[in-house]
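Trainee: Sequence unavailable; structure follows:
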């Protein structure tokens, strides 16, 4: 997937920015009555979105690469 270090670092930085963006959006959307429950719900939601995205990307790369 990454054949040179520039592509690797660009992919890494973009992935990090997307993760931070998703986390920030979810922490504003999800209600925060109890601080511990808020953290737990944001963490679970972020992990759920991450697992969906990585599974879709994995299937894409599996099908694309014969």
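Mentor: Received, thanks. Given the structure is predicted, the values throughout are model-derived calculations rather than measurements.
Trainee: tell me which element residue 44 is part of?
Mentor: Using DSSP states H and E, residue 44 falls within helix 35-64.
Trainee: Kindly report the same for residue 23.
Mentor: Assigned by DSSP H and E, residue 23 belongs to helix 5-29.
Trainee: got the buried residues for that helix?
Mentor: Buried positions in helix 5-29, judged by neighbour count with 16 or more other Cβ atoms under 10 Å: 22-23, 26-27. Quick note: C-beta positions are derived from backbone N, CA and C, even for glycine.
Trainee: would you turn these into CSV with pLDDT?
Mentor: As requested, those are exported to CSV (pLDDT from 0 to 100):
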residue, pLDDT
22, 90
23, 90
26, 90
27, 90
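Trainee: Quick one: those residues as CSV, columns for distance to residue 62 too.
Mentor: Formatted as CSV, the buried residues of helix 5-29 follow (distance: Cβ to Cβ, whole Å):
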residue, distance to residue 62
22, 24
23, 28
26, 28
27, 33
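Trainee: Closest one to residue 59 out of those residues, please.
Mentor: If you rank the buried residues of helix 5-29 by distance to residue 59 using Cβ to Cβ, residue 22 comes first, at 20.1 Å.
Trainee: Please verify my assumption that that closest one contacts residue 49.
Mentor: Yes: the pair residue 22 / residue 49 is scored as a contact, 5.7 Å apart, by Cβ atoms under 8 Å.
Trainee: For this structure, which residues score under the pLDDT cut-off?
Mentor: Residue ranges of the chain with pLDDT under 70: 1-3, 65-66.
Trainee: on that earlier part again, report the angle between the helix holding residue 23 and helix 35-64.
Mentor: Relative orientation of helix 5-29 versus helix 35-64 (axes from the mean of the first three to the mean of the last three Cα atoms, to 10 degrees): 140 degrees.
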